[in-house]
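# Provide a 3D model corresponding to the input given below.
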Amino acid sequence: MAIFTADRGAYIRDHAWMAAGAMALGMAALWAIGNPHIWTGAVGGLAAIVLRGAYLASEQLADTWQLHADHITGPGGRHVALADIAQINTLGSAVQIITQSGDKHLIKYQSDRSATKDRIQAACQQARHG
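Model (predicted):
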């Protein structure tokens, strides 16, 4: 029915936000301990997120989720019956699926998270009402 792939632009945008947060936290930590060179916290935070992003990009951007008539499948053998989905949320550029038993799955780095969420919700309603 639909395929959801990770979007490079969303990946970069999410990592830019993480870098900003890491930079602020690094500077705040150095300020709190009285280090006179708080700017190094920004450099360290930025470097950490850039390295993380570069290292994980090929793996994260290869993730694909497939929506079928009665289930959704994802990386690592994930399989969720549409009838078992209790809640669908958005977090940043990701769509979070929560099952009736509380299992959580993230469809990460979506270019249009609202469209992804709406498509899954529509499929869930169709699966429940035939």
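# Break this structure down into its domains, please.
Following automatic domain parsing, one finds the domains of the chain at 2-60, 64-129.
# What count of nearby residues applies to Trp31?
12 (other C-beta atoms under 10 Å). To be clear about C-beta, it is placed using only N, CA and C from the backbone, and glycine gets the same treatment.
# so how far is Met1 from the closest residue to it other than its chain neighbours?
Nearest non-adjacent residue to Trp31, counting by C-beta to C-beta, 6 or more residues apart in numbering: Ile38, 4.9 Å away. Ile38 sits 51 Å away from Met1, going by C-beta to C-beta, to the nearest Å.
# Check Trp31 too.
51 Å.
# Next: Gly45.
To Met1, Gly45 is 41 Å away according to C-beta to C-beta.
# who's more crowded, those two?
It is Gly45, of Gly45 and Met1, that has more neighbours when counted by other C-beta under 10 Å, with 21 against 13.
# Skipping its backbone neighbours, what lies nearest the one residue sitting closest to the centre of the chain in space?
The residue lying closest to the centre of the chain (C-alpha atoms, centre = their mean) is Lys108, at 3.2 Å. Nearest non-adjacent residue to Lys108, counting by C-beta to C-beta, 6+ apart: Ala94, 4.7 Å away.
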